[in-house]
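# Generate a structure from the sequence data that follows.
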Amino acid sequence: MRPRKFMLFRRSYTLKNVVLISISIIIFVRIYCVELDETSDTINVVHESKHSVAEPSLKLLFKILDVTDEPFQFHWIKKRIETSWGDWIDAQKKIIREPPSKNLTVLIHLGLFQYHWGETALSGKASLGELVQWSDIIVATYLLADFVDVSSNFKTLSHLLKTKYYDIIITDIIGIKSQFQKIWNNEEYQREKCKLWIIDSFGTQRVFNEAENHPFGGLQLHLKQFFTFYPHTMDNSFMGFTVSKPSHTACRKTIALVYGKRSKFADQYLNTLSLINKSIPVHTTTDKPIKGFINHGILSQGEFQKLLCVAKLLIGLNKPYEGPTPMEALANGVIYINPTFKPPLNRLNSEFFENKPTNRNISSQLPYLNKSKSSNVFFTNVSNRFDVSINLKRALKLHPKAFVPYEFTKKAFLERLNIHLRNYRFCKVLTSSCFRQARIYYIKSIIGQSCEQTCIKRKLFCNNFQFAFLKGHQEKCPNWDDSIRPTANIDNSVNCGTSISDAVTACTDYIEDGSIVCPCNQSSKKHSNMPRDCLKS
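Residues are numbered from 1 along each chain as shown. Sure thing, here's the model as predicted:
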């Protein structure tokens, strides 16, 4: 008996062939997630991202890191990620992840590795602080974005930029100055710079962002494109890093640990350390031994955590500034002696801050803790024996508990990064962005005061995205109607005669002989430098 034939696409097929074709079509549909809109005959093809294909995989993440020409540079980063991978996955399950408007592609480029920085860091010749942050950025972006590439050298970066498209490029100032600007000509930089997120430990203020000849400035970006280590000025974005409470059992707190890997940091504070050593043994983890104290040398992450477990005190001695170790110590229930600076350090009186693109005044080794309510922090003039003695006696009587501010947890880091990924678009105006849609409180500054100072005084947050709504209202009474901002809540102090300069686009800007109308938002209670309206809960 001859097999029955079927007509399909104007060709004749046997029943067997028709079945095979049908199966192939079904497989094609499953692979490409074909969705049929019930209200139309249109078929929308959506390619599967890594989130829909499989659960996050540490093996896959490490494979991404190993693609680089020099994978050994990521040894420290991989070790940190591997140790905390389970905590990251647990945190990811707890956050509210906004659905992406499209597949989000991100390139992460570590420009600091250009100078074999990874090797020098591990040998104790450079701080590991930046690697702590980069580790968290890499793992969090992998968990939240749809497609991620990582590079650490010019060759890999050049290849990726010429062969792939990215929505967001996360890098540092070294990467931009020495690598991206060699790959892109000026026209390309002007076109592509809106994709950049700059990891910038100490922050960048407007005057330096616009300065053409500043070694770390002149990038001419939106100030929110700079992401800081700690929350500094409200103009920049806060990226941060994470710390965790230890999983090990309680240890006997029997030693004082000196903060810093370079022995030269202690040179002018030997008398202070000798004074402390009379009450509690002083230990160091420096590149060279310091006579009279027990030195453990440069330690691995795990070894250093074990030492923190038995430490009662972490002794700050001026440098390094604004690093992660004090937060890690507080998470381990260690009391932190935070050195104070009078007068505060800034680019005019400190060689270290001389070329930093900020006019901030640094009042202590870790000024973020100025607003901390933790009893584990003692602000101390470490050059003053009396001040050291008083605070030492008080500290040794305490039995502190572990302290981790919420915004330094993994859940908070993922929340914050997720909000930035979904709401930051600098290549076009994203009108749905929560930073633009946040309810505005227009408040008039006093003469000579910045909007940051004005908003803080009212316990509000200065949102520099919203200065755009104030443009064109110079030297006249603004008409705050729906055409300007439908959710405006007008402060009574705003009246005719208010001077609003179109040149004011930053929260730290001020007019010496005039006032500014400032766009203030209600602050998030859990996250610094973020409007409350950006959080779902």
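# Give me the buried stretch members for the lengthiest helix in the chain, please.
Counting by DSSP state H, the longest helix found in the chain is helix 75-94. Residues Trp76, Ile77, Lys78, Arg80, Ile81, Ser84, Trp88, Ala91, Gln92 are the ones in helix 75-94 that count as buried (16 or more other C-beta atoms under 10 Å). Using the backbone N, CA and C atoms, a C-beta is placed for each residue, glycine as well.
# check contacts around the fifth one.
Meaning Ile81. Contact partners of Ile81, counting by C-beta atoms under 8 Å, 6 or more residues apart in numbering, are Leu58, Leu61, Trp88, Ser135, Ile138, Val139.
# Write the PyMOL selection for whichever of those are buried.
In PyMOL syntax, the buried subset of the contacts of Ile81 is picked out as below (16+ other C-beta under 10 Å):
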select buried, resi 58+61+88+135+138+139
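# and which of the contacts of Ile81 is nearest to Lys306?
Nearest to Lys306 among the contacts of Ile81, counting by C-beta to C-beta, is Ser135 at 19.5 Å.
# Show me what the host helix or strand of that closest one is packed against.
For Ser135, the host element (DSSP states H and E) is helix 129-144. Judged by 3 or more C-beta pairs under 8 Å, 6 or more residues apart in numbering; DSSP states H and E, helix 129-144 is in contact with helix 58-66, helix 75-94, strand 105-109, strand 147-151, strand 168-172, strand 196-199, helix 410-423.
# mind redoing it with 7 Å?
When contacts are defined as 3 or more C-beta pairs under 7 Å, 6 or more residues apart in numbering; DSSP states H and E, helix 129-144 packs onto helix 75-94, strand 105-109, strand 147-151, helix 410-423.
# for the protein, which spans come out with low pLDDT?
Scanning the chain for pLDDT under 70 picks out 1-54, 68-71, 97-102, 115-127, 248-250, 471-503, 536-537.
# State which strand of it is the longest.
Assignment by DSSP state E gives strand 335-345 as the longest strand of the chain.
# And for that one, what's in contact with it?
Strand 335-345 has contacts (C-beta atoms under 7 Å, 6 or more residues apart in numbering) with 312-318, 326, 329-330, 349, 353, 361-366, 369, 376-382, 391, 395, 398, 400.
# Mind checking which of those land in helices?
Counting by DSSP H, those place Pro326, Ala329, Leu330, Asn391, Ala395 in helices.
# now the residue nearest to the last one when sequence neighbours are not counted: how far from Thr228?
If you skip the residues right next to it in sequence, Ala395 has Ile335 as its closest partner in space, 4.7 Å away by C-beta to C-beta, 6 or more residues apart in numbering. Between Ile335 and Thr228 the distance, using C-beta to C-beta, to the nearest Å, works out to 26 Å.
# do Val404 as well
Val404 is 19 Å from Thr228, by C-beta to C-beta.
# Looking at these two, which one has more neighbours?
Thr228 (24 against 18; other C-beta atoms under 10 Å).
# Please tell me I have it right and that one contacts Asp235.
No - counting by C-beta atoms under 7 Å, Thr228 does not reach Asp235; the two are 10.0 Å apart.
# on that earlier part again, could you dump the helices and strands packed on helix 129-144 to CSV with distance to Asp387?
Shown next, in CSV, are these (distance: least, C-beta to C-beta, whole Å):
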stretch, distance to Asp387
helix 75-94, 36
strand 105-109, 43
strand 147-151, 46
helix 410-423, 34
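# For Phe180, find the nearest of those.
Proximity to Phe180 (C-beta to C-beta) singles out strand 105-109 among the helices and strands packed on helix 129-144, at 7.8 Å.
# got the angle between that closest one and helix 129-144?
Inter-element angle recorded for strand 105-109 and helix 129-144: 160 degrees (by axes from the mean of the first three to the mean of the last three C-alpha atoms, to 10 degrees).
# strand partners of strand 105-109, parallel vs antiparallel please.
With DSSP bridges as the test, strand 105-109 is paired with strand 147-151 (parallel), strand 168-172 (parallel).
# Tell me the spacing between the nearest residue to Leu143 once chain neighbours are set aside and Lys410.
In this structure, Leu143 finds its nearest non-sequential neighbour in Gln92, 5.1 Å apart by C-beta to C-beta, 6+ apart. Counting by C-beta to C-beta, the separation of Gln92 from Lys410 is 8 Å.
# Likewise for Phe238?
Distance from Phe238 to Lys410, by C-beta to C-beta: 15 Å.
# who has more neighbours, these two?
Each of Phe238 and Lys410 has its neighbours counted (other C-beta under 10 Å); Lys410 has more, 23 against 20.
# Skipping its backbone neighbours, what lies nearest that one in space?
Leaving aside its chain neighbours, Lys410 sits nearest to Ala91 (3.9 Å; criterion: C-beta to C-beta, 6+ apart).
# my read: that neighbour touches Ala412, true?
No - look at Ala91 against Ala412 with C-beta under 7 Å: they stay out of range, at 8.5 Å.
# re earlier: any shared contact partners between Gln92 and Lys410?
With C-beta under 7 Å, 6+ apart applied, the contact sets of Gln92 and Lys410 do not overlap.
# And stretch 428-444, what's buried?
For stretch 428-444, a neighbour-count test (16+ other C-beta under 10 Å) marks Leu430, Ser433, Cys434, Phe435, Arg436, Gln437, Ala438, Ile440, Tyr441, Tyr442, Ile443, Lys444 as buried.
# Just those residues: which are in helices?
Among the buried residues of stretch 428-444, the ones falling in helices (DSSP H) are Cys434, Phe435, Arg436, Gln437.
# who's in contact with the spatially most central residue of the chain?
Centrality entry for the chain: nearest residue to the mean C-alpha point is Met239, 1.4 Å, by C-alpha atoms, centre = their mean. The contact partners of Met239, taken as C-beta under 7 Å, 6+ apart, are Gln133, Ile137, Ile199, Phe227, Thr228.
# same deal with Ile446?
The contact partners of Ile446, by C-beta under 7 Å, 6+ apart, come to Ser515.
# secondary structure element for it?
In this assignment (DSSP H and E), Ile446 forms part of neither any helix nor any strand.
# Angles on the backbone of it, please.
When quoted as degrees, to the nearest 10, the phi and psi of Ile446 stand at phi -80, psi 160.
# measure it to Ile290 for me?
50 Å.
# if I look at Asn153, how far off is Asn185?
According to C-beta to C-beta, Asn153 and Asn185 sit 21 Å apart.
# Who has more neighbours out of those two?
Neighbours were counted for Asn153 and for Asn185 using other C-beta under 10 Å; Asn153 has more, 17 against 10.
# In this structure His527 contacts Glu407, no?
Yes - contact status for His527 versus Glu407: in contact at 5.4 Å, counting by C-beta under 7 Å.
# thought the residue nearest to Leu143 was touching Tyr142?
No - using C-beta under 7 Å, Gln92 is not in contact with Tyr142, being 10.2 Å away.
# related to what we said a few turns ago, which of the ones in helices among the contacts of strand 335-345 has the most neighbours?
Neighbour-wise, those (other C-beta under 10 Å) top out at Leu330, 28 neighbours.
# OK, contacts around it?
Going by C-beta under 7 Å, 6+ apart, Leu330 touches Tyr336, Ser374, Asn376, Phe403.
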